[in-house]
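Visitor: I would like to see how this sequence folds:
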Amino acid sequence: QLQLVESGGGLVESGGSLRLSCTVSGVTVDRYAMGWFRQAPGKERERVSCISSSGDGKVYDEDYVRGRFTVTRDKAENTMYLLMNRVKAEDTGDYFCARNPGYYCDGKPDYWGEGTQVTVSS
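Guide: Predicted structure coming up:
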């Protein structure tokens, strides 16, 4: 059974860095497209970054994180990461990893982790 477990959230100062992990079980981390999403208090969930399957190998970053956040994956660890640099107060929220049912970063995910909380102090 496919499971996604996020970790690495916490309190970070504005301008600092944080690395989130998404440990995957039940499928290899590069078999399908996978993404990071976030939800700030009182706001809707939004996509942060997505990485397509290994056969396509593309990364998509949303405008609000491009140049600051980097999504990678480690097949040996079967884990996807989100390196967050130069964080801002507006990056505060719950961060979720998710699996797309296809190989590309379109469509809606079908599996979600429980999330990890990130708080940026200004």
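
Visitor: what residue is smack in the middle of this structure?
Guide: Central residue check for the chain by CA atoms, centre = their mean: the C-alpha nearest the mean position is that of W36, 2.4 Å away.

Visitor: Parallel or antiparallel, which strands does the helix or strand containing it pair with?
Guide: For W36, the enclosing helix or strand under DSSP states H and E is strand 34-39. In its sheet, strand 34-39 lies beside strand 46-51 (antiparallel), strand 93-99 (antiparallel), with partners assigned from DSSP bridges.

Visitor: what residue ranges in the protein score low on pLDDT?
Guide: Applying pLDDT under 70 to the chain picks out no residues at all.

Visitor: Would you agree T70 is in contact with I51?
Guide: No. Under the criterion of CB atoms under 8 Å, T70 makes no contact with I51, lying 10.0 Å away. All C-beta atoms are positioned from the backbone trio N, CA, C, and that covers glycine.

Visitor: So the two - more neighbours on which side?
Guide: Neighbour tally, T70 and I51, criterion other CB atoms under 10 Å: the higher count belongs to I51, 27 against 17.

Visitor: Quick check: which element contains R31?
Guide: Mapping R31 onto the secondary structure by DSSP H and E places it in no helix or strand at all.

Visitor: List the contacts of it.
Guide: For R31, the contacting residues are 53-54, by CB atoms under 8 Å, 6 or more residues apart in numbering.

Visitor: what about 10 Å?
Guide: Shown in contact with R31 (CB atoms under 10 Å, 6 or more residues apart in numbering): 24, 53-55, 75, 99, 103.

Visitor: Am I right that V12 sits in a helix?
Guide: No. According to DSSP: H, G, I helix; E, B strand; the rest coil, the state of V12 is strand, so it is not within a helix.

Visitor: Leaving out sequence neighbours, find the closest residue to it.
Guide: Taking CB to CB, 6 or more residues apart in numbering as the measure, V12 lies nearest to L18, with 4.8 Å between them; neighbours along the chain are not counted.

Visitor: any idea how far V118 is from that neighbour?
Guide: Distance of L18 to V118, computed by CB to CB, to the nearest Å: 6 Å.

Visitor: Quick check: neighbours shared by the two?
Guide: With the criterion set as CB under 10 Å, 6+ apart, the overlap between the contacts of L18 and V118 is 8-12, 82, 84, 87, 91, 95.
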